[in-house]
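fold the following and give me the result.
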Amino acid sequence: MAQISYGGVFNSATLNVPDVYLNILQPQGGVVRPASIGVLAIRGVASWGPVNVATPVGNMGALALFGPVTVRKYDLATASLIALQTQLALGSGAGLMLSRATDGTDTAATGFFGLIAATAVPHSGAGGTGYAANDTVTLTNGVVLTVSTVTLGAITAVTIQTPAATSEPTNPVAQASTSGSGTGATFDLTYSYKMLLTSKYTGTGGNPTVATFSAGSNSVVSNTTFKLTVVLPGMAPEIFDNLSGASNAAFWANVVSAINNGNSPQRGPSNLVVATAGSVTTKPSVGDQALFSGGTDGTASITASVLMGSESGSTRTGIYSFRGLGCSDGMIADFDDHTQNAALVTFAQSEGIYWHTNDTAGETITSAITNKQTDGTDNPWLKVYLGDWVYWNDNINGQQRLLGPATFGASLISTQPPQQVGLNKQVSGAVATQRSKTGNPYASLDLSLLETAGIDLICNPIPRGSMFGIRLGRNASSDATRNLDNWPRLTSFIARSLAGPGALGPAIGQTITDDFFETWYAVLDAFLGGLKNARPTAVIQNYQINFSRANNPQSQTAVGLVVAEVLIQYLGIAQVFLVNLQTGATVVIPQSTSSFALA
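From the prediction side, this is the model:
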């Protein structure tokens, strides 16, 4: 009877018993799968969502994680909405990778169930000096304290004159000011409550959250259960049903566990809030609510360094949170600090990301050229847009806003196949630019200066017609062989495809035989042939692979080194269409009245 090894472990040198043996072998070679293209990385400020964590967003519903579109510079939700609308309009299957920035002062919204009382104790001993009994002290959260006991001018006891704000987090240290003559008082405020709910993320986007207790679905008189519903506009409501407990303390412990860990296979942990049990254990009543407040965005002092971020080992913030994620394009919303362009180039080139950036709103062409020359960013991985900023109708907030042109350019180019450029492509959403509002269109000399400097722009008209679009299709390089949008994007696409999982990696560890060269030549040929022969539009013009014993001598393979020499010819991009026009009554028309050939 035949013997089968599904792991392919039969060794012919050890098979002594006459029989039929079948080795099931895995296929040789690998498959080069096209890398993702069209993933646009965007960095900016937001009203909710994770901070410094690159988060994939593929549709409008998922965008709600970062809060509403807000009228401000660097707004992540604004830039992301424009990008998603562009992808939808062009039928692109691309997506976004978003990273939220804050200045470190952001706070999470909170809501209490059963806030009973609060006590204020002077912090760090002395509690300030120069106070007298009955002085009033107003804390930064609006709570007013009345000094009741003073020893040697320092506060030793206070009473709360007005109720504490329900949004105050548990046991904070609050800096105080006073209407009397004392100075330097700080206090620990400790609240008594049944349960504290804290928004999962910082930001004002958590302030509209409402949590409500109602009767549980299986509630009966002998077994009272509750249902907790957490609602945040724009997000799916969360329902934790049939909450109960053998005692009041057990009830709240079970509620906290349900919120933080989930209470069924269908209802996992909350994506909106985090729960903390308090010291008060009385059960809730039907209709009890926790209204959230106190969330702040942390955007008062956003700087270029905050937006750029940094990396140290595995700790990454800012644009560095996009490292290793395969994004094809990137930008910081409304970013216009040209002194950071050198750092942008370094990061972009290291990751193979085509990075889009703005110059300052309202700048002149001369200033733009001077800045670029000063920055020393003659590099194909950067695309610099002239500071002719774009007006966009913000229908959510009911106003027209001025946004960085990179928002529109990056949104468009990220939807294009890697062999395409932005030149002469219409952008979505633009209603005017600063220059178009003046009625002064760009002259040929203006465009020539920008072309030579490696600076692109969005304007109206473009060669296609009277519409707003990308005018030049240029990156920041002066190298004529690499200065169009397609070179960095297509080069990155091919490189990431060949370096992808299951592509060339399986070759490592194999013996270098004639079959080895045939196998891995075929892998490269299949991938590049597919790009050349793609229909309806080819990705590359032609290619040549040299991978054989001829270019891999024994002296080289003996030390484990094999080399594939690959030449890839890109498709040209039509930039100038010259028509030689001869007119007049004396023009002689030859027998053949037209000429067209594909030779």
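
helices or strands up against the strand or helix carrying residue 345?
Following DSSP states H and E, one finds residue 345 within helix 341-351. For helix 341-351, the packing partners by 3 or more Cβ pairs under 8 Å, 6 or more residues apart in numbering; DSSP states H and E come out as strand 354-358, helix 365-375, strand 382-385. All C-beta spots, glycine's among them, are computed from the backbone N, C-alpha and C.

ranges for the helices of the stretch 51-200 of the chain?
All helices of the stretch 51-200 of the chain, identified by DSSP state H, counting those that start in this stretch, fall at 60-63, 76-89.

could you dump these into JSON lines with distance to residue 187 added?
Formatted as JSON lines, the helices of the stretch 51-200 of the chain follow (distance: least, Cβ to Cβ, whole Å):
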{"stretch": "helix 60-63", "distance to residue 187": "41"}
{"stretch": "helix 76-89", "distance to residue 187": "36"}
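
reformat the ones you listed as a markdown table; add mean pLDDT.
Formatted as a markdown table, these follow (pLDDT from 0 to 100):
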| stretch | mean pLDDT |
| --- | --- |
| helix 60-63 | 89 |
| helix 76-89 | 94 |
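
returning to what we had before: mind listing what's buried along the helix holding residue 345?
341, 343, 344, 345, 347, 348, 349, 351 (16 or more other Cβ atoms under 10 Å).

please apply the same query to stretch 236-256.
Within stretch 236-256, the residues scored as buried using 16+ other Cβ under 10 Å are 238, 240, 241, 242, 243, 244, 245, 251, 252, 254, 255, 256.

before we move on, the earlier item: and which of the buried residues of helix 341-351 is nearest to residue 86?
residue 348 (20.9 Å; Cβ to Cβ).

any chance you could map the strands in the stretch 151-300 of the chain?
Along the stretch 151-300 of the chain, counting by DSSP state E, counting those that start in this stretch, strands occupy 154-160, 173-178, 186-192, 195-202, 210-215, 226-231, 238-243, 273-277, 289-291.

most tightly surrounded among these?
A comparison of those by mean neighbour count, using mean count of other Cβ atoms under 10 Å, puts strand 195-202 on top with a mean of 23.

mind listing the strands that one pairs with, and their directions?
Sheet pairing of strand 195-202 (DSSP bridges) gives strand 108-113 (antiparallel), strand 273-277 (antiparallel).

so how far is stretch 450-460 from its chain's centroid?
Relative to the chain's own centre, stretch 450-460 is displaced by 27 Å; criterion: Cα atoms, centre = their mean, to the nearest Å.

wait, I meant stretch 557-570
Centroid separation for stretch 557-570 versus its chain: 36 Å, with Cα atoms, centre = their mean.

mind listing what's buried in stretch 53-66?
54, 57, 62, 63, 64, 65, 66.

near the nearest residue in space to residue 460 that is not next to it in sequence, how many other residues are there?
In space, and not counting its chain neighbours, residue 460 is closest to residue 468: 4.6 Å by Cβ to Cβ, 6 or more residues apart in numbering. Residues lying near residue 468 (other Cβ atoms under 10 Å) number 23.

was I right about residue 468 contacting residue 424?
No - the criterion here is Cβ atoms under 8 Å, and residue 468 misses it with residue 424 at 11.7 Å.

need the strands of the stretch 151-300 of the chain in JSON lines (columns: distance to residue 92 and mean pLDDT).
Formatted as JSON lines, these follow (distance: least, Cβ to Cβ, whole Å; pLDDT from 0 to 100):
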{"stretch": "strand 154-160", "distance to residue 92": "57", "mean pLDDT": "79"}
{"stretch": "strand 173-178", "distance to residue 92": "50", "mean pLDDT": "60"}
{"stretch": "strand 186-192", "distance to residue 92": "50", "mean pLDDT": "75"}
{"stretch": "strand 195-202", "distance to residue 92": "28", "mean pLDDT": "96"}
{"stretch": "strand 210-215", "distance to residue 92": "37", "mean pLDDT": "96"}
{"stretch": "strand 226-231", "distance to residue 92": "33", "mean pLDDT": "97"}
{"stretch": "strand 238-243", "distance to residue 92": "32", "mean pLDDT": "96"}
{"stretch": "strand 273-277", "distance to residue 92": "35", "mean pLDDT": "96"}
{"stretch": "strand 289-291", "distance to residue 92": "41", "mean pLDDT": "93"}
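
nearest to residue 377, of the ones you listed?
Here strand 195-202 is closest among these (Cβ to Cβ), at 34.1 Å.

for the stretch 401-550 of the chain, just list every one of the helices.
Taking DSSP H, counting those that start in this stretch as the test, the helices found in the stretch 401-550 of the chain are 405-413, 444-453, 486-498, 514-532.

re earlier: let me have the buried residues of stretch 236-256 in a markdown table, extended by distance to residue 499.
Below are the buried residues of stretch 236-256 laid out as a markdown table (distance: Cβ to Cβ, whole Å):
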| residue | distance to residue 499 |
| --- | --- |
| 238 | 41 |
| 240 | 45 |
| 241 | 48 |
| 242 | 51 |
| 243 | 50 |
| 244 | 55 |
| 245 | 54 |
| 251 | 55 |
| 252 | 52 |
| 254 | 50 |
| 255 | 49 |
| 256 | 46 |
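
ok, back up a step: please tabulate the helices and strands packed on helix 341-351 in a markdown table and include mean pLDDT, mean neighbour count and distance to residue 186 as additional columns.
Listed next are the helices and strands packed on helix 341-351 as a markdown table, based on pLDDT from 0 to 100; neighbours: other Cβ atoms under 10 Å; distance: least, Cβ to Cβ, whole Å:
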| stretch | mean pLDDT | mean neighbour count | distance to residue 186 |
| --- | --- | --- | --- |
| strand 354-358 | 98 | 28 | 44 |
| helix 365-375 | 96 | 16 | 47 |
| strand 382-385 | 98 | 27 | 49 |
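
any idea which of these gets closest to residue 398?
For residue 398, the closest of these is strand 354-358, at 24.8 Å, according to Cβ to Cβ.

for residue 376, find the nearest of the strands of the stretch 151-300 of the chain.
Judging those by Cβ to Cβ, what sits closest to residue 376 is strand 195-202, at 37.5 Å.

among the strands of the stretch 151-300 of the chain, which is nearest residue 323?
Closest of the strands of the stretch 151-300 of the chain to residue 323 is strand 195-202, at 22.2 Å (criterion: Cβ to Cβ).

about what we covered before: a markdown table for the helices and strands packed on helix 341-351, including distance to residue 464?
Conversion of the helices and strands packed on helix 341-351 to a markdown table gives the following (distance: least, Cβ to Cβ, whole Å):
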| stretch | distance to residue 464 |
| --- | --- |
| strand 354-358 | 21 |
| helix 365-375 | 23 |
| strand 382-385 | 19 |
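
so what touches stretch 481-492?
For stretch 481-492, the surrounding residues in contact (Cβ atoms under 8 Å, 6 or more residues apart in numbering) are 35, 37, 328-329, 352-354, 380-381, 383, 413, 416, 418-423, 454, 473-475, 477, 539-540, 570, 573.
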